[in-house]
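J.: Just a sequence and a predicted model for now, questions to come.
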Amino acid sequence: MTPLFIYFIKVNLALALLYISYRLLFRNDTFFGLRRITLLGMLLIAFLYQLPDISSWLSTRPTISEVVSYYSTILPKEMTTEAITNPDKIAYEVNMDWGKAGMTGLIIVYLMGVLLLTIRSIAEITNLFITYRQSRKSKINGVKVCLIPETEEPYSFFRWIFIPAKKQSKLMLAEILQHETAHARQIHSFDVLVGEFVSIICWINPFAWFFKKEIGLNLEYMADQEVMYAGYNKKEYQYHLIGMEHSNTAIANLYNNFSVLPLKKRITMLNKKRTNGVGKVKYLALVPMAAAMLLFNNIDVMARIVNNQTTEKPKAAAVVSTPEIVPTVIEEAPLPPDDDKVYNVCNVQPEFPGGQSKMMQYLASSIKYPTESIERKEEGRVTVTFIIEKDGSISNAQIARGVSPSLDAEAIRIIKAMPKWSPGKSKGKVVRCKYTLPVTFKMG
């Protein structure tokens, strides 16, 4: 999977997790201002929590390194290329991945959806500008408004307030103006556009649409609350909401409408008892929630670096006369708890001179299947851990998991005989890195 695809998947998973958290913790209280901040904050977290890189700090923590090592073993493997190596040549055979064709089709469908939704939003914004330019401007109770046809509903977009040019009671008109002025003054259209953007980018994710709906509903709660703060009668206001005539043109994505969004929920919230101020403390839960997501993402990135060293590089087979030795490529080992100067993950990974293919050639030409093992028909996977020092030399080669004394000794010998590597780097600084090289001995 490409980094962009992984980012997209994580964004959508975060939207699901955050929305569920919102429903459980915040949806039923009356702190509408805090809820507005929380909804926007959650969307911001969903898109940005993957950006901070704290892997260098985490790699020096033994516990985290153990988690990374374990997590890397459960990540799915992706093998798209296989190579067979012998002392004389390397031949690459590309396996057909039918999954790629299906993925390409899904990407095309996704992009078409994004395009169509974007066109729809642009059309709505264009229609707003046209309506504004063509509407007759007026002042009602000191508020600048744009008069629209009688068949339409009142709505607002940023500072523009659109009122139908029809006769209404002074009280009802005053309530409408108070409601729409609250939308305009508090710049609710910004929130609406954010929700629209998220629903376009993540249109395949139902939680993106849930967020958009919650944003619009909470903005209506805020505007309704402003009407109540202005001193209007609660019961009469509710009757006016119910009695408004609705038209099809009022159901739009980018407008703040006076009476279109679910009236039952708005009326319920109008009559709801104000939440105790102590309840505001629960909004602090967003901080550890964001921190946990940041931590998990960095652990996932570190684990994928380990995992990709065995999946993104070509798999190789080293053939030496009759026996066959299949060395798998490098993956990172757990960080030793007593040495915080050895990194488990580096920004720039160490590399064998000449790259992966040269390492395969080196193994194929240098490894000698022990005679004793051939006689005993010993096969298996020997896992060797070693440290690549700052000067690229190999040190501290040890058997992490052995097969037999003779195979273990041969694996250690070939590792110690390796030429100097290009050392790893962390934040531009050359560092020591600990690696594992699993070598599978197999009789041909």
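T.: Everything's here; your move.
J.: going forward, measure contacts between C-alpha atoms and count neighbours the same way
T.: OK.
J.: Go ahead and confirm Asp224 touches Leu270.
T.: Yes - checked against CA atoms under 8 Å, the pair Asp224 and Leu270 is within contact range at 7.4 Å.
J.: Please say which of the two ends up with more neighbours.
T.: Set side by side, Asp224 and Leu270 give different neighbour counts by other CA atoms under 10 Å, the larger being at Asp224 (27 against 19).
J.: In the stretch 1-150 of the chain, mark out all the helices, start to finish.
T.: 3-25, 32-48, 55-58, 62-74, 98-134 (DSSP state H, counting those that start in this stretch).
J.: and the ones you listed, which one's lowest on average pLDDT?
T.: Ranked by mean pLDDT, the helices of the stretch 1-150 of the chain end with helix 62-74 at the bottom, a mean of 76.
J.: tell me what it is packed against?
T.: Counting contacts by 3 or more CA pairs under 8 Å, 6 or more residues apart in numbering; DSSP states H and E, helix 62-74 packs against helix 286-311.
J.: let's see 10 Å
T.: helix 55-58, helix 286-311, strand 331-332 (3 or more CA pairs under 10 Å, 6 or more residues apart in numbering; DSSP states H and E).
J.: re the thing from before, now the helices of the stretch 1-150 of the chain in JSON lines, with mean neighbour count?
T.: Rendered in JSON lines, the data for the helices of the stretch 1-150 of the chain read as follows (neighbours: other CA atoms under 10 Å):
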{"stretch": "helix 3-25", "mean neighbour count": "16"}
{"stretch": "helix 32-48", "mean neighbour count": "18"}
{"stretch": "helix 55-58", "mean neighbour count": "17"}
{"stretch": "helix 62-74", "mean neighbour count": "18"}
{"stretch": "helix 98-134", "mean neighbour count": "13"}
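J.: Which parts of the stretch 201-350 of the chain are helices?
T.: 206-229, 234-243, 263-270, 286-311.
J.: Quick one: closest of the ones you listed to Phe386.
T.: For those, the distance to Phe386 is smallest for helix 286-311, at 14.9 Å, taking CA to CA.
J.: what's the distance between the closest one and the middle of its chain?
T.: 10 Å (CA atoms, centre = their mean, to the nearest Å).
J.: pLDDT averaged over that helix - what is it?
T.: For helix 286-311, mean pLDDT is 81.
J.: what's the angle between that helix and helix 3-25?
T.: Helix 286-311 and helix 3-25 are oriented at 150 degrees to each other (axes from the mean of the first three to the mean of the last three CA atoms, to 10 degrees).
J.: Kindly reformat the helices of the stretch 201-350 of the chain as JSON lines and extend each row with distance to Lys139.
T.: Formatted as JSON lines, the helices of the stretch 201-350 of the chain follow (distance: least, CA to CA, whole Å):
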{"stretch": "helix 206-229", "distance to Lys139": "19"}
{"stretch": "helix 234-243", "distance to Lys139": "22"}
{"stretch": "helix 263-270", "distance to Lys139": "28"}
{"stretch": "helix 286-311", "distance to Lys139": "43"}
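J.: With respect to Ser72, which of these lies nearest?
T.: Going through these one by one, with CA to CA as the measure, helix 286-311 comes closest at 4.5 Å.
J.: Mind giving me the packing neighbours of the closest one?
T.: With contacts taken as 3+ CA pairs under 10 Å, 6+ apart, helix 286-311 sits against helix 3-25, helix 32-48, helix 55-58, helix 62-74, strand 331-332.
J.: CA atoms only for the third one, dumped as PDB, please.
T.: Yep, that's helix 55-58 we're talking about. Output in PDB follows, covering the C-alpha atoms of helix 55-58 (Å, rounded to 0.1, in the frame of the first residue of the first chain):
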ATOM      1  CA  SER A  55       9.400   7.800  16.200                       C
ATOM      2  CA  SER A  56      13.000   8.800  17.100                       C
ATOM      3  CA  TRP A  57      11.900   9.400  20.700                       C
ATOM      4  CA  LEU A  58       9.800   6.200  20.800                       C
END
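J.: which residues are contacting it?
T.: With CA atoms under 10 Å, 6 or more residues apart in numbering as the contact definition, helix 55-58 has outside contacts at 61, 64-65, 68, 295, 297-302, 343-347, 426-427.
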